[in-house]
Structure formats: C-alpha cells, structure tokens
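Undergrad: 3D model of this:
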Amino acid sequence: MEKPVEDIQKQSVKLRKAVDSRDESAQANSYYSIGETFFNDGNFQKSEEYYTKAKNIYEKINDKPNIEKVSRKLAQSQEKQNKITPAISNYNRAARVGSSRSKSKAVNSNDVARLSTSSPEAKEEAILSNIQLNENEKDKGDLAASYSQMADVNIQQNNIPKAESNLNNAYEISKKEAPTQALEINKKLTDFYIENKKFDKAIEAKKTVLKEDFVKENSKKEVEQIQELADIYIKKNDPQEAIDLLKKSYGIALEKGHTLEAQKSVKKLDSLYNVSENTDASVKLYRDFLGKLPDLVSKDKSLVDEKILEDTEQRIAQLEKEKQLKDELIRKKNVFNYSLIFALIILIGLIIFIFRTLKKVQIKNKKIALQSLRREMNPHFIFNSLNSVNHFIATNNELEANQYLTRFSKLMRGVMENSTEDFIPFQQELDLLQNYLALEKTRFADKFDFEIDVDESLNTQSLKVPGMLVQPFLENAIWHGLRYRTNKGFLKLNFEKQEQFLKITIEDNGIGIEESKKQKTEHQKARKGRGMKNTLERIALLNDLYKQEIQCKITDKKDAQGVLVEVRYKAINNL
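TA: Predicted coordinates:
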C-alpha cells in the first residue's frame, strides 16, 4: 500500500494548491487521480467516492472530455460493487457526452446494452463489439475486462472451454499492465475451476500467479496468494499441503511485518489443527504469534500507511469544508447583515415554537392589519389625486380636469379591484403605475418626464407582486423632489430580475432628501407622511407573513442631484 499512500499524499498537496487558487479544473484532476489510485489498488468504494467528486466539478465547468472519462471510470467502480443501476446511468452519461463517431462512445453504449439485458446472446454481442474496439488500444485494461465479462456469459451458457479460454486471455492481458486486475481475474479463474471440481487446474493457475514478478516483489500479495492456494488444497481435502502453505505464509508475514496477514494465517492453521484435534500445535502456534506480535506490529508498515492514509483523507475532508466555507462567504458577500437575519430567523423560530398555539390567530390578525393598511392607502391616494383635480378646476382648465378625472376613474377602478388581494399580477401593477405617472405628468407637465424599464426575462403575466407598494415612493419623488426643480426633471422606474429576486429601482433628479427637508414649512414638518409610514408597515407585514425578504433602501445620490430608492424582494409565481 506504500505506493498508493504516497500518490494520494502528492495529490492532496496539489488539491490544496488548486483550492487556494480556486482552480476548479485542477481540483477535479486531483480528485480523479486519487480515484484512479484507489481503483488500481482494488478499493472500489473509495474510488467511487473520489470519481464522483471529480465528476461533479467537471459537470459544473462543462469539461466534456473529462466528463466522459470520469463517468466511465465511475461506472466501472460501481459495476465492481454490483451497483448495476447507477453504473448503467454513468455508462449512459459517458456515451451521451462523447463524440458521435468516437470509439469510446460505442464502447460505453455497448456496456449499457450489456448491463441492461438478461439475454446471454445480447450480452455476448455487446462484449464482442467492445473486444474488437479495444483490441488495438494501448491501455489493455478494458480489453481484459471484456474477456472476463465474456467468460461470465460463457459460464451462463455452460460453455466451460470458452469460459476457461477467455479468463486465461484476460489474465495474460492484464498481468502486464494491471496487476490488481490480474489477481482479480486469477481469483475468478481459480473459483471457476473449484466450482467445476478441477482442483489441479486451480492449483496450477494459483502457482502460476505466484511466479509472477508483481507478486514476488510484493510480500503482502505473495502471502495473500499463498493463503488462497492453501484454501484450494483445503477444498481438495488435502489438509497437510494446506498446513505447509499456511506455515509458509505465516513465516513470510512475520518476516516482512504484515500483522493482519499473519493473524489470518494463524486462524486458518488453528482451524485445520482443530479438525485434526492437534491441540498442542494450535497452542504452540498462538504462543508463538503472541510472543512475536509486538515486534511484528513495530515492523508493519501497512498500519503506518493506513494511519497516514486516514490522516490524508481527513485533511482532504477538512480542505473540502474550508472550500465550502469560502464559497459560502463569497456567495453571501453582497448580502447585508446576514448574521442579523440568521439571528432573527432563529428568534422567530423560537417564538413560533413557544407560541404555536397562537399561530393561526396571529396570522389572521396580521392579515387583517395588512388589509386595513391597503384600504387606508386608498383614501390617502384619493385625497392627493382630488387635490390635483381641484387645481385644474381652480385654474379654469375644464378640459384638463375632465381628462384627469377620466384617467383618475380608470386608475381608481384598478386600485379598488385589486385592494382585496395581498399580491396582484405584475402586469396589472405595471398598468396602475403607468396610469398613475401619466396622471401626475398631467398635473406637473412642465416639471418632469418619466420612463418605465422592465427586464425582458420577467414574466409579466405569471409574476405576482404586492399591489401599490411602489406608488408611494413615486409620489414622494414627484411631490418632494421633482416639483421643486426650476427646470424639467426626470423620473426612471426600473424592474430587474436578479436570480430569484425582483429588484425595483426608482431614480429621480429632484432636489434630494436633505434639500426637501430644508424647504418644508413648519406646518409640513409637524405633519408625518402617512403614505410612507403605511408602506413601511406593509413591508414589515409582508415579510412576516410571506417571508418575502423585502429590503428597502432610500438614499441621496452620491455623485448627482436626486434620490435613489432600491426595493428588493423574492419573485413569486404562485402563492
């Protein structure tokens, strides 16, 4: 395991650099490499975990070549764990994203067909196609896997000679480049022989693998293969040969420092001694094992490697948590007072929990209050509008008064029709505001022009908005800002979509808030503007009842004359 641990440590360092530099492609590459290390080491559960992480990032940045590559490897990891449904899904994904004429697309499509059918003939056809496609490829891993899959079909068809031939082909191909896969295929071959009572062939196959350099050079694998050979002799009913082999595996494990493998050999030997009722040999074996255990553990690099690997994975997990935290902070960097909002939500949650029996009554009372505020807006608005009519009459402008009254009656009809609902269609609100501004334009013809700009991505028919919420801000802009200008001013109303929010901007080039305060008479200063107070109360109730998160900001412009009003709340289609 030493080499995999070293590789994973190197990749964890690269992953840290990629996260610090916010290089998502490099992050995905590191996850993929870690997945490859686990896959080649036969740890398919871990390889699936890291391939999944890599795939998620490749999907996010739409890196199609790497999506195809990692989807196939993820599918192979899942197939090794017998997770057939997700494996089919990922083979499908690899096929879909691949080039229409590429070999890889055909290979992935064949694997989908192979796993999706129960017909041996259909499986055989898909596998044969893959063998032909992979025959000339440099990486022979898929070719070896195809021969192994073909052997499974042969066994299902009870074609023993072909199954044996295909497993031998798979072994010969994989032993050169993929030792872990070769050992897996060898185990499959020996199990096949044992199932068919061909013990001598199983022994021969296992002895062959013990002669391979990749086994002789890896003492842990050598011990494991000797133990598997001993198991074959046990099934052949040759316990003495099995005992000799297990003693040999035990001796190698002690010498090389493989604690778990030594323990496994001791257990198997103890089981054989119990069968032959050789209690003395069993006791002697355990005494020997226990006496050598401290020295064995001190030499066991695998225990250190496992600890290093565990620590490395914990660092990767911590790194992912740090990345998530950074991403979250970046995502919220433009959201004001998020800690206060969180505290408020917690507080509201506690209040709701404590007083849940009063919840329905409270909601009903708030809805009544909201309805009362809406109704209060009507006479306030009517009073101001009638003042304008009075102005036209006082100046003997009968025609303008008649036109104004016509528009005013149309506006009143719209306001009254929508006065019973907390939310109205966006198009109706636009019509009301357009009509209102046209009326005020008639009243102050020489004081301002106006413009209404609506984001094209907004669905004016299905979107619901609070009725007449914007009108008081428009009224303030006209009556307290624009009408005091010496020359014609300009009022702009803008509706913009920002993700799931609707942002409303009201901008004028009137005299501004501070100048307006200076020009108020003592009588005006004594009066409190009911329209704006009413609006702010409505906003509070709408936030409380419908969680609209309505935010309102009114400021004097920094670099020019006038006032800027920004209103932002959640855009909703259905209530």
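Undergrad: contacts and neighbour counts: CA atoms only from here.
TA: Fine.
Undergrad: Would you mark the buried spots in the longest strand anywhere in the chain?
TA: Scanning the chain for the strand with the most residues, using DSSP state E, yields strand 489-498. Within strand 489-498, the residues that count as buried by 16 or more other Cα atoms under 10 Å are 489-493, 495-497.
Undergrad: Low-confidence regions, the stretch 351-500 of the chain specifically.
TA: 355, 357-382, 384-385, 388-389, 392, 396, 418-419 (pLDDT under 70).
Undergrad: If we use 90, what do you get?
TA: For the stretch 351-500 of the chain, the stretches with pLDDT under 90 are 351-429, 431-433, 435-436, 438-447, 456-472, 475-476, 479-481, 483-486, 498-500.
Undergrad: Could you pull out the strands in it for me?
TA: For the stretch 351-500 of the chain, the strands defined by DSSP state E, counting those that start in this stretch occupy 423-425, 448-454, 464-466, 489-498.
Undergrad: Excluding chain neighbours, what is closest to Leu296?
TA: Nearest non-adjacent residue to Leu296, counting by Cα to Cα, 6 or more residues apart in numbering: Gly257, 5.2 Å away.
Undergrad: Tell me the spacing between that neighbour and Pro294.
TA: 10 Å (Cα to Cα, to the nearest Å).
Undergrad: Between these two, which has more neighbouring residues?
TA: Gly257 (23 against 12; other Cα atoms under 10 Å).
Undergrad: if you skip the residues just before and after it, what's nearest to Ile511?
TA: That would be Gly481: by Cα to Cα, 6+ apart, it lies 4.9 Å from Ile511.
Undergrad: Now for the one you found: which residues touch it?
TA: In this structure, Gly481 makes contact with 508-513, 516, 562, judged by Cα atoms under 8 Å, 6 or more residues apart in numbering.
Undergrad: again, 7 Å this time
TA: 510-512, 516 (Cα atoms under 7 Å, 6 or more residues apart in numbering).
Undergrad: Just name the closest of those residues to Glu195, please.
TA: Gly512 (91.9 Å; Cα to Cα).
Undergrad: ok, the nearest residue to that closest one once chain neighbours are set aside to Ile348 distance?
TA: In this structure, Gly512 finds its nearest non-sequential neighbour in Gly562, 4.4 Å apart by Cα to Cα, 6+ apart. Applying Cα to Cα, the value for Gly562 to Ile348 is 37 Å.
Undergrad: neighbour count winner among the two?
TA: A direct count of neighbours by other Cα under 10 Å for Gly562 and Ile348 places Gly562 higher, at 24 against 13.
Undergrad: Hmm, the more buried one is touching Asp508, no?
TA: Yes - assessed by Cα atoms under 7 Å, Gly562 is found in contact with Asp508 at 5.3 Å.
Undergrad: Against Thr259, how distant is Lys284?
TA: Here the criterion is Cα to Cα. By it, Lys284 lies 18 Å from Thr259.
Undergrad: Which one's more surrounded, the two?
TA: Ranked by neighbour count (other Cα under 10 Å), Lys284 and Thr259 place Thr259 first, with 23 against 11.
Undergrad: is it true that the more buried one touches Val297?
TA: Yes - contact criterion Cα under 7 Å: Thr259 and Val297 qualify, at 6.1 Å.
Undergrad: Give me the phi and psi for the residue nearest to Ile511.
TA: phi -130, psi -60 (degrees, to the nearest 10).
Undergrad: still on that earlier bit, out of the strands of the stretch 351-500 of the chain, which comes closest to Ala438?
TA: Nearest of the strands of the stretch 351-500 of the chain to Ala438, taken as Cα to Cα: strand 448-454 at 8.8 Å.
Undergrad: what helices or strands is that closest one leaning on?
TA: On a contact count with 3 or more Cα pairs under 7 Å, 6 or more residues apart in numbering; DSSP states H and E, strand 448-454 meets strand 489-498.
Undergrad: quick one, what contacts Asn110?
TA: 126-127, 130.
Undergrad: try Asn134
TA: Contacts for Asn134 (Cα under 7 Å, 6+ apart) come out as 142-143.
Undergrad: Quickly note the distance from it to Arg101.
TA: Between Asn134 and Arg101 the computed distance is 15 Å (Cα to Cα).
Undergrad: Ok, Lys447 next?
TA: 68 Å.
Undergrad: and the two? which has more neighbours close in?
TA: Neighbours were counted for Lys447 and for Arg101 using other Cα under 10 Å; Lys447 has more, 20 against 8.
Undergrad: Wait, that one touches Phe490, no?
TA: No - between Lys447 and Phe490 there is no contact, the gap being 8.3 Å when judged by Cα under 7 Å.
Undergrad: give me phi/psi at Leu567?
TA: Let me fix one detail, which is that residue 567 is Val and not Leu. phi -120, psi 130.
Undergrad: the bottom helix or strand of this protein by mean pLDDT?
TA: Least confident helix or strand of the chain, by mean pLDDT, DSSP states H and E, is helix 522-526 with a mean of 53.
Undergrad: Downstream of that helix, the next helix or strand is which one?
TA: helix 530-546 (DSSP states H and E).
Undergrad: so how far is the following helix or strand past that next one from its chain's centroid?
TA: Toward the C-terminus, helix 530-546 is succeeded by strand 551-556 as the next helix or strand (DSSP H and E). A distance of 35 Å separates the centroid of the chain from that of strand 551-556, by Cα atoms, centre = their mean, to the nearest Å.
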